[in-house]
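Q: Sharing a sequence plus its predicted fold:
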Amino acid sequence: MNHPDSTEAYAGSDSFQSRRKWMVEHHIAARGVRDKLVLEAMERVPRELFLPEKLREFAYEDAPLPIAEEQTISQPYIVAFMAEALLLKGGERVLEIGAGSGYAAAVLSEIAGAVYTVERLGPLAERAAILLAELGYHNVHVLHGDGTKGWPKHAPFDAIVVAAGGPRVPESLKHQLKIGGRLVMPVGSDRSGQELVRVTRVSANEYLSEDIADVRFVPLIGDEGWTSAQEQRPAGLRGGVTKPLTSEVEMLVRHIGEAAESFPSIEAADLNSMLSRIGSARIVLLGESTHGTSEFYRMRDRITRDLIIKKGFRFIAVEADWPDAARVDHYVRHFQYPPSEWTAFARFPTWMWRNTEVRDFVSWLRKYNGTLDHEKRIAFHGLDLYSLYDSIRSVLNYLDEVDPDSARIARERYGCLTPWQHDPATYGHAALTGSYPLCEPHVVRALTDLLAKRRAYAEHDGERFLDAEQNARLVANAERYYRIMYYGSRASWNLRDSHMFETLTNLLSFHGPDSKVVVWAHNSHIGNAAATEMAARGEYNLGQLCRKKFGSRAYLIGFGTHSGMVTAASDWNGPMEIKTIRPSIPESYERLCHATGLARFTLGLRNEGYLRGSTALGKERLERAIGVIYRPETERESHYFRANLPLQFDEYVWFDNTHAVTALDTEAVKDLPDTYPFGV
């Protein structure tokens, strides 16, 4: 039932209306709710008005939020999901148990002829009745009483919905159903989780029950429910916990929720507090706990834009091969000389950088640079060392142009690696077994020759020389990397991250003493390895090296998620797949963040206080890392490691549910100019 006389007057600003529409489209319809009546009702009811004023900006997050009396307003998707499960057609008599703020009753009243809602807590019942009347929901009737007893005076009901979990369906409620009526309620003997069931009354004494979904609700207190309010959990906790939380963990979760800065969406996030915490840092390292999650890329994009515009950061350095990133740099800085001839990011895993999320950032950066003088344009560089063959080609192309005699000598030296140009890992094996001579002296000499002529070459074109120098350095390090990778992961890992750090410091030197950089890389590279089990294996990483050299002027930001979808492969060089991320395990940092009930937040970790303590987040726990390979069948063994989060990161960015990046296909990049970095 619609209420045009009053609801529209209170519907809030255009901003709230647009957020409500977005919520219905992305959090409800996109997740499978199809009932048109329910979707229209969700789009009409102003959820912000059922929340405390200080929380209204978060009204259209898909998350439960605290209200009065230590209770919560249910997450919008659950309200819609349960309403759809009632199978309403319009005009019915509906009983709701657990009025709360009155929001779900208002949604139901948009469909039903009359809604009768019972609330156990007197202050909540009174507030809900007043608000519903003020908003014009005159077909909603509120009773303060024991919800497990229903409202016999107005029975029988076409539908009953219970917004709290009980050990069983109360007999009183079943008896108040019409024959053919439906009751939807969370049921379970374990108060940490329940099964949402639908009970249909098929005759005077016969009921049909069906399970719908796993959920988690506050307990149903009353004569035919749980017997004590002490059964309740802290407000804000929600589904997926497989065992009751201890009081210590519950306290920690509450403190995380209080310290966290929740935001309604990436686009609407207020990052000023984060920027204040970053302060005068020269290096901001932005992580990701997977290489294939859309939210991580889009949030790094959003943070980077603010760092560039508001804090004067000069360049971006990413966990990507130097020559591929150079094509992007050529494009975003509008260089006049011809770009490299190869397609950027064509090597496995292509989706890691060839995706719509990166494309959108690159397009913005090119447009932004177009407003700046040439010397002030923001650069885009790669830190990694896998591109052996493309780097050799770049060095030779550069020398052919500026010093043909040196180009001839370099060709002879790099010729040692020519047989392995398409499979450099095979060179490593051949050199290790002694079946092929080492190429190290040749590639190192090529680098030293280039550096010896630094002044002459740099005077010709400093940017071009930087590119050639870095490619020559990459070839030397890559030769060693592929050779030592057969000795074990520690040596090759350390060489790779040392190369990235060396590249980063060279770039800071090149761009000047006042230059500042944003780094995009996996958590395992940008977090301080000394605070993880990597240290016990003798491994270090880019974040640890930055912390050692730059101290507090390096700001390390980690990212995490509980569940969702991810783009990944099952094996190296295997096909790209869209995989389901398993819910985080109970002993992990991710599970603590999930238990707050917040859909997304930022959490500063630098300041001393309770959260950094040894009984809080400073207590070593498990943390998840998914790279380009994801094997959920061996989740615990393959993707979790031990860490101390406040020592690993200065800040943590949380997305409870995430989506896979969208890889660019041929259709998405065809008919673009030759300078476009991703090619066809």
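A: Now that the structure is in, tell me what you want to look at.

Q: got any ranges where the stretch 1-150 of the chain has weak pLDDT?
A: Residue ranges of the stretch 1-150 of the chain with pLDDT under 70: 1-14.

Q: no no, the stretch 501-650 of the chain
A: 608.

Q: Also the stretch 201-350 of the chain?
A: For the stretch 201-350 of the chain, the ranges with pLDDT under 70 are 214, 216, 227-247, 337-343.

Q: For it, which segments are assigned as helices?
A: For the stretch 201-350 of the chain, applying DSSP state H, counting those that start in this stretch gives helices covering 247-259, 272-278, 294-311, 322-332.

Q: list the helices and strands the shortest one packs on?
A: In terms of contacts (3 or more CB pairs under 8 Å, 6 or more residues apart in numbering; DSSP states H and E), helix 272-278 is packed against helix 294-311, strand 600-604. For every residue, glycine as well, the C-beta is placed using N, CA and C.

Q: Could you identify which of the ones you listed is most buried?
A: strand 600-604 (a mean of 23; mean count of other CB atoms under 10 Å).

Q: ok, now how distant is the closest residue to E40 other than its chain neighbours from V38?
A: With sequence-adjacent residues excluded and distances taken as CB to CB, 6 or more residues apart in numbering, E40 is closest to E110, at 7.2 Å. As judged by CB to CB, to the nearest Å, E110 and V38 stand 9 Å apart.

Q: and those two? which has more neighbours close in?
A: Using other CB atoms under 10 Å as the criterion, E110 and V38 rank with V38 on top: 26 against 23.

Q: Next up, phi/psi of that one, please.
A: phi -70, psi -50 (degrees, to the nearest 10).

Q: mind listing what it touches?
A: If you count contacts by CB atoms under 8 Å, 6 or more residues apart in numbering, V38 has them with A80, A83, E84, L88, V107, I111.

Q: just those residues now: which is nearest E319?
A: Comparing these against E319 with CB to CB places A80 closest, at 39.2 Å.

Q: ok, now which ones touch the closest one?
A: Residues counted as contacts of A80 (CB under 8 Å, 6+ apart) are I28, V33, V38, L39, M42, V107.

Q: Can you tell me which of these comes closest to L252?
A: Using CB to CB, the contacts of A80 come closest to L252 at I28, 31.2 Å.

Q: host element of the closest residue to the closest one other than its chain neighbours?
A: Computed as CB to CB, 6+ apart, the closest residue to I28 that is not its neighbour in sequence is A80, at 4.7 Å. Assigned by DSSP states H and E, A80 belongs to helix 76-85.

Q: Quick one: list the elements packing against the next helix or strand after that helix.
A: On the C-terminal side of helix 76-85, the closest following helix or strand by DSSP H and E is strand 93-97. Using 3+ CB pairs under 8 Å, 6+ apart, the elements in contact with strand 93-97 are helix 103-109, strand 114-119, strand 157-162.

Q: what's the longest one in contact with?
A: Contacting residues not belonging to helix 103-109 are listed as 1, 38, 41-42, 45, 47, 50, 73-74, 79-80, 82-83, 88, 94, 96, 99, 115, 117, 128, 132, 135, 137, 139-140, 142, 161, 163 [CB under 8 Å, 6+ apart].

Q: repeat that with 6 Å
A: Helix 103-109 is contacted from outside by 1, 41, 45, 47, 50, 73, 79, 94, 96, 99, 115, 117, 137, 139-140, using CB atoms under 6 Å, 6 or more residues apart in numbering.

Q: cool, the second one as well?
A: Here strand 114-119 makes contact (CB under 6 Å, 6+ apart) with 93-97, 99, 105, 108-109, 125, 139-145, 147, 151, 154.

Q: mind redoing it with 7 Å?
A: Contact with strand 114-119 is made by 93-99, 105, 108-109, 125, 128, 139-145, 147, 151, 154, as judged by CB atoms under 7 Å, 6 or more residues apart in numbering.

Q: What of the last one?
A: Where contact means CB under 7 Å, 6+ apart, the residues beyond strand 157-162 that reach it are 82, 86, 88, 92-98, 173, 176-178, 181-185, 220.

Q: that older thread, identify the farthest-apart pair in the contacts of A80.
A: Farthest pair in those, by CB to CB: V33 and V107, 11.9 Å.

Q: which one of the contacts of helix 103-109 is nearest L622?
A: Checking these against L622 with CB to CB, the nearest one is I73 at 31.5 Å.

Q: what angle separates the longest strand anywhere in the chain from helix 294-311?
A: When the chain is parsed with DSSP state E, its longest strand is strand 554-568. In terms of direction (axes from the mean of the first three to the mean of the last three CA atoms, to 10 degrees), strand 554-568 departs from helix 294-311 by 150 degrees.

Q: And strand 554-568, what does it pack against?
A: strand 283-286, helix 523-526, helix 542-550, strand 577-581, helix 589-595, strand 651-658 (3 or more CB pairs under 7 Å, 6 or more residues apart in numbering; DSSP states H and E).

Q: Run the chain-centre distance for it.
A: Here strand 554-568 is found 5 Å from its chain centre; the criterion is CA atoms, centre = their mean, to the nearest Å.

Q: got it, and stretch 533-543?
A: That offset, for stretch 533-543, works out to 24 Å (CA atoms, centre = their mean).

Q: Other residues contacting that stretch?
A: 285, 490, 493-494, 497, 500-501, 521, 524-529, 556, 641-642.

Q: A159 bridge partners, please.
A: V94, R182 (DSSP bridges).

Q: and it, how many residues sit next to it?
A: 25.

Q: got it, and I585?
A: For I585, using other CB under 10 Å, the count is 15.

Q: S563 against N657, yeah?
A: Yes: using CB atoms under 7 Å, S563 makes contact with N657 at a distance of 5.8 Å.

Q: out of those two, which sits in the busier spot?
A: Legend: neighbour count by other CB under 10 Å for S563 and N657, higher for N657 (19 against 16).

Q: is it true that the more buried one touches M565?
A: No: judged on CB under 7 Å, N657 makes no contact with M565 at a distance of 9.0 Å.

Q: ok, now which ones touch W353?
A: A320, F345.

Q: With that, I have no additional questions.
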